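>>> sequence first, predicted coordinates after that:
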Amino acid sequence: MTDDRVRVYVIWDPIFGGDFDGAAKRLSKSFPDKRISYFKDPDSLAGTLWKSVLKLDNDIAWDVYFLYGAVAKWDHEPTQPDFWMHQLYGVTKAPLFNESVFKAKLKEMLSTMEEKSSTVSTRDTKGKKLKVEFLYFKNCPSHKQALENLKAALRETHIKADLVLINVDSPEKAEKVGFLGSPSIRINGEDLEGRTDAPNYSCRLYHVNGKPALTPGKERIMEKLAAYK
């Protein structure tokens with residue numbers, strides 16, 4: 001997975017003895033990725049902490065795989081993970097590790113994140129960075145193509161913007177954020193089509209070249225962005 005929002009923290013514990021330092025170094029070198037940080041835990045302090053958090057009967061928690069959301073915060077000890085798997089005998093509190101299941105859960109968590117990210121390009125000529133909001137919910141599959149169109153439009157217009165993804169997962173949230181249907185795009189608070197309707201928790205239709213469409217076209221988005229140059 002190439003998503004730059006992902007961060008991986010690997011903790012090596014000396015479970016089987018032997019050359020712990022050497023084994024940790026060799027294994028760490030086998031995953032060359034700038035998003036991964038490695039830590040050695042020769043006294044198994046982390047494993048002991050997670051044993052308590054997960055309420056395991058094992059001596060320590062090892063060979064366990066956790067997913068935490070971006071808002072997770074720890075104080076003196078780890079918090080309960082949002083999702084976890086393991087490769088331990090007799091543990092029934094979570095499923096056995098399965099790469100495809102773990103990856104699918106990670107993708108699901110990423111897709112529901114409200115995250116601000118910068119689209120790398122040049123600033124608009126007024127020297128101000130735009131705020132572009134992309135509002136959607138997953139039951140309308142057209143949001144994926146709409147997001148691709150939006151990102152392509154930002155690249156091709158050479159506009160730098162703060163792109164905010166907003167997953168609208170309930171009618172209450174739709175009311176709160178002024179949702180006009182999935183997918184919707186707002187530029188500096190203004191709807192792409194200039195609509196000012198009442199909030200609507202539903203899929204949205206656009207008109208492209210006089211015909212109804214499930215997504216706004218890239219050209220229409222570029223046209224709207226150009227007005228801010």
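Noted; the coordinates are in hand. Numbering: from 1, shown residues only.
>>> ok, His207 - contacts?
Taking C-beta atoms under 8 Å, 6 or more residues apart in numbering, we find His207 in contact with Ala213. Quick note: C-beta positions are derived from backbone N, CA and C, even for glycine.
>>> that's a strand at it, yeah?
Yes. Counting by DSSP: H, G, I helix; E, B strand; the rest coil, His207 is part of a strand.
>>> scan the chain for its longest helix.
In the chain, taking DSSP state H as the definition, the longest helix is helix 143-157.
>>> mind listing the helices for this protein?
Counting by DSSP H, the helices of the chain are 20-29, 45-54, 99-111, 143-157, 171-177, 218-226.
>>> those: lowest mean pLDDT?
Sorting the helices of the chain by mean pLDDT places helix 20-29 lowest, at a mean of 86.
>>> so Pro95 makes contact with Gln87?
No. Using C-beta atoms under 8 Å, Pro95 makes no contact with Gln87, being 10.6 Å away.
>>> so what sits against both of the two?
With C-beta under 8 Å, 6+ apart as the test, Pro95 and Gln87 reach no residue in common.
>>> OK, contacts around the residue nearest the centre of the chain?
Closest to where the C-alpha atoms of the chain average out (C-alpha atoms, centre = their mean) is Leu110, at 2.5 Å. Counting by C-beta under 8 Å, 6+ apart, Leu110 touches 3, 5-6.
>>> from these, which single one is nearest Gly189?
Nearest to Gly189 among these: Arg5, at 24.6 Å, using C-beta to C-beta.
>>> what number of residues lie near the nearest residue to Thr112 once chain neighbours are set aside?
Excluding the flanking residues, the one nearest Thr112 by C-beta to C-beta, 6 or more residues apart in numbering is Asn167, at 4.7 Å. By the measure other C-beta atoms under 10 Å, the count of residues near Asn167 is 17.
>>> just Phe134 next, same as before
Neighbours of Phe134 (other C-beta under 10 Å): 19.
>>> could you do Val8 as well?
By other C-beta under 10 Å, the residues close to Val8 number 11.
>>> by neighbours, which of the contacts of Leu110 wins?
Among those, Val6 has the most neighbours (other C-beta under 10 Å), with 14 neighbours.
>>> confidence score at it?
90.
>>> likewise Tyr206?
For Tyr206, pLDDT reads 91.
>>> any idea how this structure splits into domains?
By the assignment in automatic domain parsing, the chain contains the domains 8-111, 116-226.
>>> ok, and which of these has the densest surroundings?
Highest mean neighbour count of the domains of the chain: domain 116-226, a mean of 16 (counted as mean count of other C-beta atoms under 10 Å).
>>> and that domain, how far out from the chain's middle?
Taking C-alpha atoms, centre = their mean, to the nearest Å, one finds the center of domain 116-226 at 18 Å from the center of the full chain.
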